[in-house]
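Chemist: Quick one: sequence and predicted model below, then my questions.
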Amino acid sequence: MTLEPRTVTNDALDKLPLFASDLEIAVAIVGKNYASLWKRDALPVLERSGFPRFDALHQGRPVPLIKQFYGLYFGLTQGFTLARPDGEEREWLGKRLEKKIDDEERRRAAGEDVPEQDPGSHSTKKLTAIAEYRAKKATEYAARNAR
């Protein structure tokens, strides 16, 4: 049985459309008196914490995700996150290995006969990352020498 994440219930939030403007959301959350203050000061801080982003296609923010965000904010939803990943996950090579590869490719581009050293790893992900880095450096040095 999968538990559905709990959301915050608020009559004003429940009456909003599926996608609402920042002002509508602000009024529903803090009321008319503090809506402009919340929109100006709190919203940028909350966005950095994973508050749902503005959806240009629907011209608003998704209200169900806002309810879930506040559920997490108040500690109601355990193990649920709205944060986006930072970017593409890459295999870490380390500066020492990158420097060795860089040196090898620089010398190869200069015309030296340099044997490829064993990277010491047999992980498929790591070997793929090494091959990609090696190809990138080879291309860079070939472009420099072509000038």
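Modeler: That came through, no problem.
Chemist: can you tell me which residues contact residue 16?
Modeler: By Cβ atoms under 8 Å, 6 or more residues apart in numbering, the contact set of residue 16 is 24, 25, 28, 63. For every residue, glycine as well, the C-beta is placed using N, CA and C.
Chemist: distance of the third one from residue 98?
Modeler: As judged by Cβ to Cβ, to the nearest Å, residue 28 and residue 98 stand 51 Å apart.
Chemist: Neighbour count: these two, which is higher?
Modeler: residue 28 (19 against 14; other Cβ atoms under 10 Å).
Chemist: you'd agree the more buried one is up against residue 21?
Modeler: No - using Cβ atoms under 8 Å, residue 28 is not in contact with residue 21; the gap is 10.6 Å.
Chemist: Find residues that contact each of the two.
Modeler: What both residue 28 and residue 21 touch, as defined by Cβ under 8 Å, 6+ apart, is an empty set.
Chemist: hmm, back to that, filter the contacts of residue 16 down to the ones in helices?
Modeler: Counted as lying in helices by DSSP state H, out of the contacts of residue 16, are 24, 25, 28, 63.
Chemist: List the contacts of the nearest residue to residue 60 once chain neighbours are set aside.
Modeler: Once flanking residues are discounted, residue 60 sits nearest to residue 19: 3.3 Å by Cβ to Cβ, 6 or more residues apart in numbering. With contacts defined as Cβ under 8 Å, 6+ apart, the neighbours of residue 19 are 55, 58, 59, 60, 61, 62, 63.
Chemist: Could you pick out the longest helix of the protein?
Modeler: Longest helix of the chain, by residue count under DSSP H: helix 124-146.
Chemist: what helices or strands is that one leaning on?
Modeler: Helices and strands touching helix 124-146, by 3 or more Cβ pairs under 8 Å, 6 or more residues apart in numbering; DSSP states H and E, are helix 95-109.
Chemist: one step back: for the ones in helices among the contacts of residue 16, pick the one with the most neighbours.
Modeler: Counting neighbours by other Cβ under 10 Å, residue 25 leads the ones in helices among the contacts of residue 16 with 24 neighbours.
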